[in-house]
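Enquirer: show me the folded form of this:
(one chain, ligands or ions: 1)
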Amino acid sequence: MHQIPDTSVQARFANGFARAIELICPGCNTKAMFEARPWQEHGGQVVATEMTCTRCGRPVLLVQLIDDFNNCKPETLFTYPAPGGRDCMTGVQHLQALSGPLARTYDSAVKLYNHAEWGPTALTVRHLLEGLCARLLPAEKRDLPLPRQLETLPRDIDLTRPLQDISHLMAPDGAFGRQFEDEAAIDKVTAENLLELAEQLIHYLVVLPGELAELKSRIATAPVPLRRGGSVG
Ligand SMILES: [Zn+2]
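Expert: Here you go, the predicted model:
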């Protein structure tokens, strides 16, 4: 189930339940209006219905939580399958901390994507990558073309820095190392922090390289789109 914001609802039935919802259709990948059939209550806690894309007819399941008075609970509208749009990445607050303008550019790219504006999305992403390189690279390299900037990035940024403090934490006199002396005294907060440390490390060392490799192979095997109006063959 995918939660969709109440602001996506464009029209409601007299009882307050959604009647028309604008979403990126998971079937035709365009921003489209969905029209809901009459809702049915289940167990006094949810109402459910089906809605269909007015462009391609694709059906989507719709579920809404209700309160004791049969009113919609705010922000509890769910669809299955998920609409075609994207949520912002987790950890976007760190991008905001690095650079407000870069975070806004990223936000624009996601918004354009969620409006099915594919070309402007791609141009904004390119602008984002250029801004990111300019922010992270030394001044003398900021005028290089983007591919050269990306090439030089791993040499100019200290990629080992996120890993450097971990050994100190785990050393016998480190914050975590000390705690292993008395396993029974380890509390929930320590266990949680340690688990999160391991997850971050796995993400950096294993998940990121794995997902980039998968993305590269998807890009390599994607069909090349025909240029509109161009000659074929
Ligand atoms: Zn559709």
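Enquirer: sort out which residues of the top helix by length along the chain are buried, please.
Expert: In the chain, taking DSSP state H as the definition, the longest helix is helix 118-136. Under the neighbour-count criterion of 16 or more other Cβ atoms under 10 Å, helix 118-136 has 121, 124-125, 128, 130, 132-134 buried. Quick note: C-beta positions are derived from backbone N, CA and C, even for glycine.
Enquirer: out of those, which touch the ion?
Expert: Restricting these to those within reach of the ion (Cβ under 5 Å from the ion) leaves nothing.
Enquirer: pLDDT-wise, what's the bottom of those?
Expert: Among the buried residues of helix 118-136, residue 134 carries the lowest pLDDT, at 91.
Enquirer: quick check: residues of the chain near the ion?
Expert: Counting by Cβ under 5 Å from the ion, the residues of the chain close to the ion are 25, 27-28, 32, 53, 55-56, 58.
Enquirer: run through the strands of this structure in chain order.
Expert: Applying DSSP state E to the chain gives strands spanning 2-4, 9-12, 18-24, 31-36, 40-42, 46-53, 59-66, 72-80.
Enquirer: need those in a markdown table (columns: distance to residue 142).
Expert: Listed next are the strands of the chain as a markdown table, based on distance: least, Cβ to Cβ, whole Å:
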| stretch | distance to residue 142 |
| --- | --- |
| strand 2-4 | 40 |
| strand 9-12 | 44 |
| strand 18-24 | 35 |
| strand 31-36 | 36 |
| strand 40-42 | 58 |
| strand 46-53 | 45 |
| strand 59-66 | 46 |
| strand 72-80 | 42 |
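Enquirer: out of the buried residues of helix 118-136, who's nearest residue 170?
Expert: Of all the buried residues of helix 118-136, residue 132 has the smallest distance to residue 170: 31.5 Å, by Cβ to Cβ.
Enquirer: nearest residue to that closest one in space, ignoring adjacent ones along the chain?
Expert: residue 102 (6.2 Å; Cβ to Cβ, 6 or more residues apart in numbering).
Enquirer: and the end-to-end length of stretch 17-29?
Expert: With Cα to Cα, to the nearest Å as the measure, stretch 17-29 spans 25 Å from end to end.
Enquirer: do the same with stretch 80-93
Expert: The straight-line separation of the ends of stretch 80-93 (Cα to Cα) is 28 Å.
Enquirer: what does that stretch rub up against?
Expert: By Cβ atoms under 8 Å, 6 or more residues apart in numbering, the list of residues contacting stretch 80-93 from outside reads 1-2, 4, 23-26, 29, 60-61, 63, 103, 106-107, 110, 113-114, 116.
Enquirer: all set, thanks.
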